[in-house]
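Undergrad: What would the 3D arrangement of this be:
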Amino acid sequence: AGSAANGTGPNPTGAEGGDVGQEAWMLKGNDDVDENGMWLGTRNYADLVTKTHDVERMRITKGVGGDLHDALIILYENVEAQKSMSIGEDLEVKGHTLLNDELMVVGNTYLNADLSVEGNATIDKVLYVKGNVNADGDVVFNQDLTIQEDLSVWGEAKIDGNLYVHHSLFVDFDGDFGRNLHVGNDADIDHDLNVDNDAHIGRDLDVDRNANIDVNLHVGNDADIDHNLNVDNDGHFGRDLDVDRNLNVDNDGHFGRDLDVDRNLNVDVDAHIGRDLDVDHDVNIDNNLYVRKDAFIFGNLDVNGTGTFLDLHIERDADIDRNLNVDNSVHIGVNLDVDNNINVDNSVHIGVNLDVDNNVNIDNNLYVDNNTIINNDLRVNNNTYINNDLTVNHNTTINNDLSVTNDVYVGGTLEVANPITANCRLVVNSCVNGSDQDLDSYPVLVQGGNQGIAIKVDGGRSNGNNFVAFWDQDGIQGRIEGQTYGELTTSFDFIWTNAM
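TA: Below is the predicted model:
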């Protein structure tokens, strides 16, 4: 044992000190202590054990001898520090740890139970806690933090390394994580969440302000972000995602159920929505957008790849660079521009213009309030209503009524199962030629029924009304015109015939 000089002199019993000149360490303290030569401990290779009520409370191990400071201080009970605690190496606690002020650890720390800090906590190396961690102030970890159960911080949490929380994470202010964030259950951040690498949340993620993830974000259940969500790589959400401002994903976005964004949605690669998509402003997808159920977009939709939906409702413009596939109805408030094919299994309603660079296939009705331009085939299995011009550069097949308020231009074959109503002009740009004896050489064919073609013109049947006119490159060459009785009796042919 160590020794210290005091007024009592040598050990009065001599049981431990004997006559070797050692002096007792008094229970009430010693005088004239020399810190360089007096100490409390062991001389032989053995642990130092401290007991109360015959129960071991603390043990300082003897070490393995490979390093000057390779021993451990093992605490078997709760630890309460009323002031700051600074630890230069490892701390292993198997009971509860309660600190009423700051905790600063320079080395690794292993806690087998709960850690509670009422002040600030600063950890320069690894902290591993098998229980819960509760901090009433700010928490700063310069390396990795591993929590087997819950982590609750009532101030800011700043972790420069990895954070592994096997249960829930709660931060009352900002959460700033320099590397990876892994939470087994729920994560609740009352201000901003910043992660410099991957973030993996096993269940729900709730952030009251902004969430910025520099690589991948994976949320097993629901995610609720009250401001902006920015993900620099992939975003994966097992169930619902609700963002009250903007959502930006720089790579793929996978949403297991509903996606509700109150402002803009921007995804730089593919977006996969398991159920409904509800966006109050614009949607920009740099590759493919797949929505298994309904899509409601109250701004513009811009998809650089293929868009696939059940129902699609867009209040403003829709611009699709590849195919648009909708299993039910499509409602576009303003313009729809598709650079490849449109396939819709039910009705399509376009508020203004429809512009498609390839084929259009619609299994029910097509309603367009302004111009329609189709650069390839148009096939509609029911009615088609165009309130302005219809231009189709290839074939047109309408299995019910065709009603066009203005001009109709068809570059190929026009097939309509029911009446055609063109309220201005119907223009057929023929792509057929051949013998005048071949029925297929004629670009317009009317067949079936007991009658042929009926032509009704406005006004009377005067010579100024041509029911049919015949033209070539040199102008009009013939006509079938109307004629009144007065025009008949004064005509040259009538007079010549009757005079002779």
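
Undergrad: Low-confidence ranges, the stretch 351-500 of the chain, go.
TA: Within the stretch 351-500 of the chain, the stretches with pLDDT under 70 are 500.

Undergrad: give me that answer again for 80
TA: Regions of the stretch 351-500 of the chain meeting the criterion pLDDT under 80 cover residues 412-414, 416, 418-431, 459-460, 499-500.

Undergrad: So which residues of it form helices?
TA: Remark: helices assigned in the stretch 351-500 of the chain by DSSP state H, counting those that start in this stretch are 485-489, 492-499.

Undergrad: how about those helices in CSV, adding mean neighbour count and distance to residue 74?
TA: Just so you know, the C-beta spots here come from the backbone N, C-alpha and C atoms, and that holds for glycine as well. As requested, these are exported to CSV (neighbours: other CB atoms under 10 Å; distance: least, CB to CB, whole Å):
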stretch, mean neighbour count, distance to residue 74
helix 485-489, 11, 122
helix 492-499, 9, 127
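
Undergrad: Mind putting the ones you listed into CSV with distance to residue 175?
TA: Converted to CSV, the helices of the stretch 351-500 of the chain look like this (distance: least, CB to CB, whole Å):
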stretch, distance to residue 175
helix 485-489, 92
helix 492-499, 98
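
Undergrad: can you tell which of those helices is closest to residue 171?
TA: helix 485-489 (94.4 Å; CB to CB).

Undergrad: Beyond the least confident helix or strand in the chain by mean pLDDT, next helix or strand please.
TA: Least confident helix or strand of the chain, by mean pLDDT, DSSP states H and E, is strand 91-93 with a mean of 68. Next helix or strand after strand 91-93 toward the C-terminus (DSSP states H and E): strand 97-99.

Undergrad: Any buried residues in the helix or strand just after that next one, and which?
TA: Once the chain leaves strand 97-99, the next helix or strand it forms, by DSSP H and E, is strand 103-105. Residues of strand 103-105 classed as buried under the neighbour-count rule (16 or more other CB atoms under 10 Å) are 103, 105.

Undergrad: Strand 103-105 - which strands sit beside it in the sheet, and in what orientation?
TA: Here strand 103-105 has these sheet partners by DSSP bridges: strand 85-87 (parallel), strand 121-123 (parallel).

Undergrad: give the contact list for residue 338.
TA: 318-320, 323-324, 355-358 (CB atoms under 8 Å, 6 or more residues apart in numbering).

Undergrad: try 7 Å this time
TA: Listed by CB atoms under 7 Å, 6 or more residues apart in numbering, the contact set of residue 338 reads 320, 324, 356-357.

Undergrad: And those, which is closest to residue 372?
TA: residue 356 (8.3 Å).

Undergrad: So that closest one is in contact with residue 372, correct?
TA: No. Judged on CB atoms under 7 Å, residue 356 makes no contact with residue 372 at a distance of 8.3 Å.

Undergrad: Pretty sure residue 466 sits against residue 479.
TA: Yes. Residue 466 is within contact range of residue 479, at 4.5 Å (criterion: CB under 7 Å).

Undergrad: on that earlier part again, kindly indicate the member of the contacts of residue 338 with the most neighbours.
TA: residue 324 (28 neighbours; other CB atoms under 10 Å).

Undergrad: what residues does stretch 437-446 touch?
TA: Residues from elsewhere that reach stretch 437-446 (CB under 7 Å, 6+ apart): 428, 430, 432-435, 452-453.
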